[in-house]
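1. Sequence and predicted structure, then a few things I'm wondering about:
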Amino acid sequence: MKEIETDSTKLIPETSLPSSASAMDACIAHVKEVMATQLGLIKDRGYDFAPQFKEMTMQLYMLGILWKFAEGLENIGDAREFAFSAFEAMLIKDGIPKKNALKRMEFLRKMSQLEDGHNALAVAIGYEAQPDDNSLAEVFDHYVDDTQVSGAFWRLYERGRKTMLYGGLVIFFLVVWFITLFMPGNSAVAILASGLISAALFVIPVFLVGVVIYHRKIKKTT
């Protein structure tokens, strides 16, 4: 029997493609239906998480939903693997380049299991989810007091990063300009070195202040 390659990079018999594609479409339709309800239920809860954390958590939750649904389909085989394939197909259908989708799936595979082999919390709760059971809120409620994934902490990090980047660049160019204009005769290497040292003298204290703030915030939650 002729074999061809699918998006999941696995070879399956050509004659099974129609039913497999239909099953994948059914999985995608189901998870989108459940998520539409769940997102409506958390809309007014005011969760404030870092965008990266929120996206990862919802995607792991969706993988759990897909996994459970795939177990009820015929001729699927490994329902967990099928869930990953269906999620990858959904990302690509939503306009994400295949290369980026593959990288995302690799990341989600890594995050979907804990070091002890158990499923991540979001996957486990998603596996048991029903359309209107507030299970997505249950996932997020576990992290509302976790400073490391809070939106406020993420915004503080972003401001600190931009301050270091743009502030360091401004200091560098100002020092280079000042030495070039008012201290002629210096070599290009000496001028650049002076600019870099001055920028470092700005960036390092800002970084250290950020570290102190980080540890204080973490200490308050432990």
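-> Arrived safely, thanks for sending. Numbers count the residues shown, from 1 in each chain.
2. distance from the centroid: which residue in the protein tops it?
-> Here the chain reaches farthest from its C-alpha mean at Gly185, the gap being 50.8 Å by Cα atoms, centre = their mean.
3. okay, that one: pLDDT?
-> At Gly185, the pLDDT value in this model is 78.
4. again with Glu5
-> pLDDT, read off for Glu5, is 39.
5. One more: Val139?
-> 95.
6. and it, helix, strand or coil?
-> Under DSSP: H, G, I helix; E, B strand; the rest coil, the three-state class of Val139 is helix.
7. Could you report the neighbour count for it?
-> The local packing of Val139 (other Cβ atoms under 10 Å) involves 24 other residues. Heads up, the C-betas are built off the backbone N, CA and C, glycines and all.
8. With Ala129 as the reference, measure out to it.
-> Note on Val139: its distance to Ala129, by Cβ to Cβ, to the nearest Å, is 9 Å.
9. Show me this structure divided up by domain.
-> Domains of the chain are assigned by automatic domain parsing as 3-144, 151-220.
10. Can you say which of those is packed in most?
-> domain 3-144 (a mean of 16; mean count of other Cβ atoms under 10 Å).
11. Low-confidence regions, this structure specifically.
-> 1-20, 214-222 (pLDDT under 70).
12. run the last query once more with 50
-> Applying pLDDT under 50 to the chain flags the ranges 1-18, 222.
13. where do the helices sit along it?
-> 17-42, 51-71, 79-93, 98-111, 121-127, 135-141, 151-182, 188-220 (DSSP state H).
14. could you list every residue that touches Phe182?
-> Residues near Phe182 by Cβ atoms under 8 Å, 6 or more residues apart in numbering: none.
15. now it: how far from Val176?
-> 12 Å.
16. Spit out the contact partners of the closest residue in space to Ser198 that isn't next to it in sequence.
-> Nearest residue to Ser198, sequence neighbours excluded (Cβ to Cβ, 6 or more residues apart in numbering): Val175, at 4.2 Å. Taking Cβ under 8 Å, 6+ apart, we find Val175 in contact with Ser194, Gly195, Ser198, Ala199.
17. pretty sure the first one contacts Trp177?
-> So the one you mean is Ser194. No: between Ser194 and Trp177 there is no contact under Cβ atoms under 8 Å: 11.1 Å.
18. Relative to Tyr166, how far out is Ser194?
-> For Ser194 relative to Tyr166 (Cβ to Cβ), the value is 19 Å.
19. my bad, Leu66
-> Counting by Cβ to Cβ, the gap from Leu66 to Tyr166 is 42 Å.
20. what does Phe182 give?
-> Distance, Phe182 to Tyr166, by Cβ to Cβ: 24 Å.
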